[in-house]
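Novice: Make a model of this:
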Amino acid sequence: MIQAVIFDWAGTMIDYGCFAPLAAFMEAFKHKGVEITVEEAREPMGLLKREHIAAICAMERVAGAWEEKHGKRPDHADIDELYADFEARLFSVLANHAKPVPGAVQLVNRLREQGMKIGSTTGYTTDMMHVIVPKAKKHGYEPDTLVTPDEVPAGRPFPWMCYTNAMRLGVYPMWRIVKVGDTLSDIQEGRNAGAWTVGVIKGSSELGMTEEEVHACDTDVLSRKMTDVRDRFLHAGAHFVIETIGELEEVIAEINERMRQGERP
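Specialist: Residues are numbered from 1 along each chain as shown. Purely as a prediction, here's the structure:
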């Protein structure tokens, strides 16, 4: 049966809508005279943050705008400058974005009562998590393990953070683990690791809405947005997609039943 769940952090278990890094990305590019859209800033979400900036710079529209402004396409030195600016902006707001999403703490408590271990991966660096972890703990959320991308050879979509979690948790084989996240790179990370993989819609970076915006949104409009996110998760390879984090228990029960019948991810 499932023995462990590896959760992403921002947009999955904390920081509803994953807003901490969004403004920092946009402001860093704006400071260099190139404005990026919310959609462009969010598209690579889940990657190690320097790789995230490199992915934005590689977008054709952004690279073209950069060339028009600076006379050349962004290079490694430009990415380093953008990242330094981004990092300073992010550190100034991180502590304000560590509140767990609704139902997250209660879910973890229930999973632990069932004997499951709780791991975690992130696109944040170790130094960034030094800010977030104690704040999240004060709110009642503390996984058993945390692996950051600067601890392993490469971050998402590579599986190394999941493998390291598995080793630290003492869980094997990987099909005894569920990986849960809110970005396409989370899904790819879980699939590459050989784990059951679940995408969560509400609170996710993919949906990109605050809790208040979700509650105030027209029902039909919200339904269309959520269907679009669900489709993107499934296209990326998610085994399951849930609306809220609290629904994960039902998915785990279904996975356990499928595994009794011999199914594997």
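Novice: For Val198, give me phi and psi.
Specialist: With angles defined as degrees, to the nearest 10, Val198 shows backbone torsions of phi -130, psi 130.
Novice: ok, now which ones touch it?
Specialist: 178-181, 190, 238-242, 248, 251 (Cβ atoms under 8 Å, 6 or more residues apart in numbering). In short, each C-beta sits where N, CA and C put it, glycine included.
Novice: Which strand residues bridge it?
Specialist: When bridges are called by DSSP bridges, Val198 pairs up with Val180, Phe240.
Novice: what about the closest residue to Gly123 other than its chain neighbours, how many neighbours?
Specialist: Excluding its sequence neighbours, the residue lying closest to Gly123 (Cβ to Cβ, 6 or more residues apart in numbering) is Gly46, at 5.1 Å. By other Cβ atoms under 10 Å, 30 other residues sit near Gly46.
Novice: Tell me if I am right that Gly46 is in a helix.
Specialist: No: membership of Gly46 in a helix is not supported by DSSP: H, G, I helix; E, B strand; the rest coil, which gives coil.
Novice: how close does it get to Val241?
Specialist: Gly46 is 16 Å from Val241, where distance means Cβ to Cβ, to the nearest Å.
Novice: go on, Ala98?
Specialist: 25 Å.
Novice: what do you get for Asn96?
Specialist: Here the criterion is Cβ to Cβ. By it, Asn96 lies 29 Å from Val241.
Novice: Tell me which residues are up against stretch 184-196.
Specialist: Residues contacting stretch 184-196 (Cβ under 8 Å, 6+ apart): 2, 6, 8, 12, 44-47, 121, 123, 156-159, 161-163, 166, 173-175, 177-181, 197-199, 206, 232-233, 236-240, 255, 265.
Novice: let's go with 7 Å and repeat that
Specialist: 8, 46-47, 121, 156-159, 161-163, 174-175, 177-179, 181, 197, 199, 232-233, 236-239, 255, 265 (Cβ atoms under 7 Å, 6 or more residues apart in numbering).
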